[in-house]
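**Student:** Predicted model and sequence follow; I will ask about them next.
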Amino acid sequence: MIFDTHTHLNVEAFEKEIPEVIERARELDVTEMAVVGFDTPTITKSLALSETHKDIYSIIGWHPTEAGSYTKEIETTLQSQLETPKVVALGEIGLDYHWMEDPKEVQDKIFRRQIAIAKEMNLPISIHTREAIEDTYKILKEEKIHNIGGIMHSFSGDGEWAKRFLDLGMHISFSGVVTFKKAFEVHEAATVVPLDKLLVETDAPYLAPMPYRGKRNEPGYTRYVAEKVAELRNLPFEEVANVTRENAHRLFRIGE
């Protein structure tokens, strides 16, 4: 019923209890998820999970905090992996000016290169942007990503920023941040995104929603994100759950 469009079930925090985490998600009506791989080990694990679980899909790419380690060899391998049937998007890619593991110029170059690959392969993109929203927007606009579209993952901007990314053809995905009491700008954004461009996610094990803030997040907690978005929009929870799942299926071309 609910589609978690961005989770990291492939990281060490879940290593010893993946079946249990998946079962707990189902108990909360989170029946599908996209597991995001962002470097060699997590990409490998994401692909393995999507191969062995019917309702798990893969999103794979090279994270901006790993940009300095991107090589031609990695790109060749990534291009091959992107052809795997259950890979539904390229990501998470983008810019991270918080950790600044690599200079802006390096992040910019690797970001644009992966956008080019996504265009070549006709795949949507999943965008990570941290303390870099203006440069992220500038690059996406310059690269004319409207034809492939994608996701502004764990959106943290206000309503005006949401509209600007929507104008580029992007979907807006809300994580546990939308449940935080003082996340007023994100609350605003959640009310202005058209229903057909709305997605929900966890980014588990990070950014756990209320009432689990500060604890390890799980894919099942997407339910609390969807409930909060429904509350903010004065809509039935079931409507938000269903429409965000349908949006994910359409964007990821599931069932085509």
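**Tutor:** Cool, the structure landed.
**Student:** going forward, measure contacts between C-alpha atoms and count neighbours the same way
**Tutor:** OK.
**Student:** I figured residue 94 hits residue 136, correct?
**Tutor:** Yes. Counting by Cα atoms under 8 Å, residue 94 does reach residue 136; the two are 6.7 Å apart.
**Student:** Between those two, point out the one with more neighbours.
**Tutor:** residue 94 (32 against 21; other Cα atoms under 10 Å).
**Student:** Can you tell me how far that one is from residue 63?
**Tutor:** Residue 94 sits 7 Å away from residue 63, taking Cα to Cα, to the nearest Å as the criterion.
**Student:** List the contacts of residue 241.
**Tutor:** 1-3, 226 (Cα atoms under 8 Å, 6 or more residues apart in numbering).
**Student:** Tell me if it really is in a helix.
**Tutor:** Yes. Counting by DSSP: H, G, I helix; E, B strand; the rest coil, residue 241 is part of a helix.
**Student:** Could you report the distance from it to residue 26?
**Tutor:** Distance from residue 241 to residue 26, by Cα to Cα: 13 Å.
**Student:** Ok, residue 85 next?
**Tutor:** Separation of residue 85 from residue 26 (Cα to Cα) stands at 24 Å.
**Student:** Of those two, which one has the most company?
**Tutor:** residue 26 (16 against 12).
**Student:** pLDDT score for that one?
**Tutor:** With respect to pLDDT, residue 26 scores 98.
**Student:** Likewise for the one 10 residues further on?
**Tutor:** What the model reports for residue 36 is a pLDDT of 98.
**Student:** tell me the pLDDT at the closest residue to residue 42 other than its chain neighbours?
**Tutor:** Leaving aside its chain neighbours, residue 42 sits nearest to residue 10 (5.7 Å; criterion: Cα to Cα, 6 or more residues apart in numbering). pLDDT for residue 10: 98.
**Student:** now swap in residue 205 and tell me
**Tutor:** Residue 205 is given a pLDDT of 98.
**Student:** Correct me if wrong: it contacts residue 217.
**Tutor:** Yes. Counting by Cα under 8 Å, residue 205 does reach residue 217; the two are 4.2 Å apart.
**Student:** Only the buried residues of stretch 165-185, if you could.
**Tutor:** 165-166, 168-180 (16 or more other Cα atoms under 10 Å).
**Student:** Tell me the neighbouring strands of the biggest strand by length in the chain, and mark each as parallel or antiparallel.
**Tutor:** Taking DSSP state E as the criterion, the chain has its longest strand at strand 87-96. Partner strands and pairing direction for strand 87-96 (DSSP bridges) are strand 56-60 (parallel), strand 125-130 (parallel).
**Student:** quick one: residue 161 from residue 168, how far?
**Tutor:** 11 Å.
**Student:** Residue 25 too?
**Tutor:** Counting by Cα to Cα, the gap from residue 25 to residue 168 is 32 Å.
**Student:** What of residue 226?
**Tutor:** From residue 226 to residue 168 the distance is 24 Å (Cα to Cα).
**Student:** One more: residue 49?
**Tutor:** Residue 49 is 32 Å from residue 168, by Cα to Cα.
**Student:** ditto for residue 156
**Tutor:** Counting by Cα to Cα, the gap from residue 156 to residue 168 is 17 Å.
**Student:** How about residue 141?
**Tutor:** 7 Å.
**Student:** What ranges does the protein have for its strands?
**Tutor:** Counting by DSSP E, the chain has strands at residues 2-7, 30-37, 56-60, 87-96, 125-130, 150-152, 170-174, 198-200.
**Student:** what's in contact with the third one?
**Tutor:** Translated: strand 56-60. 32-38, 43, 46-47, 49-50, 82, 86-92, 126.
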